[in-house]
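Asks: Here is my input; please provide its structure:
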Amino acid sequence: MRRRLGISGRQTIWAYVFLAPAFLLFALTVFFPMVRAFQFSLYHWPLGSAPKVFVGLDNYERLLTDDSLFQKALVNTLYFTVATVIPTLVIALAVALLLNRPGLRARGVFRTIYFVPVVTSLVAVAFVWRVLLEPSFGLVNGVFRLFGLHGPGWLADPAWALNGVALMTIWRDVGYYMVIFLAGLQTIPRDIYDAAEVDGASRWQTLRRITLPLLNPSIVLAAVIGVIYGLQLFTQVYIMTGSPQRLAGGPSDSTTSIVLFIVQQAFRPLEMGYPSAAAIVLFGLIMLVTLVQLRLIQRRFEY
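Replies: This next block holds a predicted model:
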């Protein structure tokens, strides 16, 4: 096989030399912590002088059947993921299509404007949006009042709080996925569009029959990244709903996410077993959703 591929024995040795540290780093930073987290999840493990007690799968049973807060956090996380990924990808694709049009002036300026929120600190963005969404004097509800409308309570209203966090996330992430789609669009040969134009294809037909099928790898990549990011929701909720006077995740736990639940369960009672079980459940959820995504939306393509 090595001869068929033109690989010499010396090249194989050097490949192992360079790959071995990478595998070791992966084992130390990913595989070993996962194994340890699963081990912790099988114990009631309070930090301090109390001994750890082996409880088997009791932590998982408690999570999935008895803990209403975790179940609410699970629903909140799934809702946030759906509410952010789909609008963000649709808006980012529309912006990418507009910025990819030939002859557009100041294209670099527009790309920079859309990408600036991505490189801005998420903590800073969350603080700014927390002020913007303030029900009484926030700018967002101020715009509603200009048109004679009464804006929602946003972060103070359990029915709107998670939507406010989702709105900020969509605004911030559009530029990131726009870059992914722009990179994909620029790999599609221009000759295909010219041939479609000669054949009399409309813009909608060109988008549906050419652009979207050939952009499928970029769409799959963006969707997978977006879902993984959404399921790991933490910073936005922690900054936008928390304060020295109250714990993050309010009001009425309407914005509690799985990661926030893990942090609160670990560092308030200082118990490692129960939050470790929640972390393993989150890992399984991310892996399952990612595999389903790849199965459903990945398609073969050719130019």
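Asks: what's stretch 24-40 in contact with?
Replies: With C-beta atoms under 8 Å, 6 or more residues apart in numbering as the test, stretch 24-40 has contacts from 272-273, 276, 279-280, 283. Every residue, glycine included, has its C-beta placed from N, CA and C.
Asks: Using neighbour counts, trim those to the buried set.
Replies: Buried members of the contacts of stretch 24-40, counted by 16 or more other C-beta atoms under 10 Å: 272-273, 276, 279-280.
Asks: coming back round to it: I'd like the contacts of stretch 24-40 as CSV, with distance to D157 and pLDDT appended.
Replies: Output for the contacts of stretch 24-40, formatted as CSV (distance: C-beta to C-beta, whole Å; pLDDT from 0 to 100):
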residue, distance to D157, pLDDT
M272, 35, 87
G273, 35, 90
S276, 33, 92
A279, 30, 93
I280, 33, 93
F283, 32, 92
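Asks: Among the residues you listed, which one lies nearest to D173?
Replies: Comparing the contacts of stretch 24-40 against D173 with C-beta to C-beta places F283 closest, at 22.5 Å.
Asks: That closest one and G138, how far apart?
Replies: Counting by C-beta to C-beta, to the nearest Å, the gap from F283 to G138 is 37 Å.
Asks: do you know how far the nearest residue to I297 once chain neighbours are set aside is from L74?
Replies: Nearest residue to I297 in three dimensions, chain neighbours excluded: V220, at 5.6 Å (C-beta to C-beta, 6 or more residues apart in numbering). In this structure, V220 and L74 are 25 Å apart, going by C-beta to C-beta.
Asks: Name the helix or strand of this structure that has the lowest mean pLDDT.
Replies: One helix or strand of the chain scores below all others by mean pLDDT, DSSP states H and E: helix 2-5, with a mean of 46.
Asks: which stretches of this structure form strands?
Replies: With DSSP state E as the criterion, the chain has strands at 43-44, 53-54.
Asks: Which among those strands is found nearest to V123?
Replies: strand 43-44 (33.7 Å).
Asks: neighbouring contacts of that closest one?
Replies: By C-beta under 8 Å, 6+ apart, strand 43-44 touches 52-55, 58-59, 271-274.
Asks: If we use 7 Å, what do you get?
Replies: With contacts defined as C-beta atoms under 7 Å, 6 or more residues apart in numbering, strand 43-44 is touched by 52-55, 273.
Asks: what's the first-to-last distance across stretch 123-139?
Replies: 19 Å (C-alpha to C-alpha, to the nearest Å).
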